[in-house]
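# Predicted structure and sequence below. I'll ask about it afterward.
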Amino acid sequence: MCILFNQRRCRIQWSRHRLSGRPAILLIEAQSPGALVAVATLDRPDLDLAPEEVAIAEFGPAAGALAALVEADVISPPLRVIDDEDQPILICRLQVDAVNGAD
């Protein structure tokens, strides 16, 4: 699956976060396979999330990922926001089956 992210055509690659084991959404440059543009999700094992929920990074290299992933119907709009000391953490529901490779 490809999306437009910050005026770049990216494909979504699924992985798992090392600490939490939750789905990781990697945005990979479509024109240069293998070039990582951003990791859209956060690896936060301290957060109490349902199995279908992910924490979205909406800062740094991933700024703009929320809008691109919602528009592509990969994730829901934020269900809730967790206040963190550095940045707010947006919690969204996966709208696709990351486990079975819906990319």
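Ah, there it is.
# what does stretch 46-55 rub up against?
With Cβ atoms under 8 Å, 6 or more residues apart in numbering as the test, stretch 46-55 has contacts from 20, 22-23, 25, 41-42, 44, 75, 79, 82, 89-94. Every residue, glycine included, has its C-beta placed from N, CA and C.
# give me every residue that touches the residue most central in space within the chain.
In the chain, the centroid-proximal residue (Cα atoms, centre = their mean) is residue 40; its distance is 3.3 Å. Neighbour list for residue 40: 25, 26, 27, 56, 57, 62, 65, 66, 69 [criterion: Cβ under 8 Å, 6+ apart].
# which secondary structure elements does the longest strand along the chain contact?
Using DSSP state E, we find that the single longest strand of the chain is strand 8-16. Here strand 8-16 touches strand 2-5, strand 23-29, going by 3 or more Cβ pairs under 8 Å, 6 or more residues apart in numbering; DSSP states H and E.
# so of the ones you listed, which one's packed in deepest?
strand 23-29 (a mean of 20; mean count of other Cβ atoms under 10 Å).
# quick one: strands adjacent to it?
Strand pairing for strand 23-29, using DSSP bridges, gives strand 8-16 (antiparallel), strand 36-39 (antiparallel).
# Now do it: everything it contacts.
3, 5, 8-17, 34-41, 43, 54, 62, 65, 68-69, 74-75, 94, 98-99.
# Now render the strands paired with strand 23-29 as a markdown table, adding distance to residue 48, mean pLDDT and mean neighbour count.
Converted to a markdown table, the strands paired with strand 23-29 look like this (distance: least, Cβ to Cβ, whole Å; pLDDT from 0 to 100; neighbours: other Cβ atoms under 10 Å):
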| stretch | distance to residue 48 | mean pLDDT | mean neighbour count |
| --- | --- | --- | --- |
| strand 8-16 | 18 | 93 | 17 |
| strand 36-39 | 21 | 96 | 18 |
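# is it possible to export those to a markdown table including distance to residue 50?
Conversion of the strands paired with strand 23-29 to a markdown table gives the following (distance: least, Cβ to Cβ, whole Å):
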| stretch | distance to residue 50 |
| --- | --- |
| strand 8-16 | 16 |
| strand 36-39 | 21 |
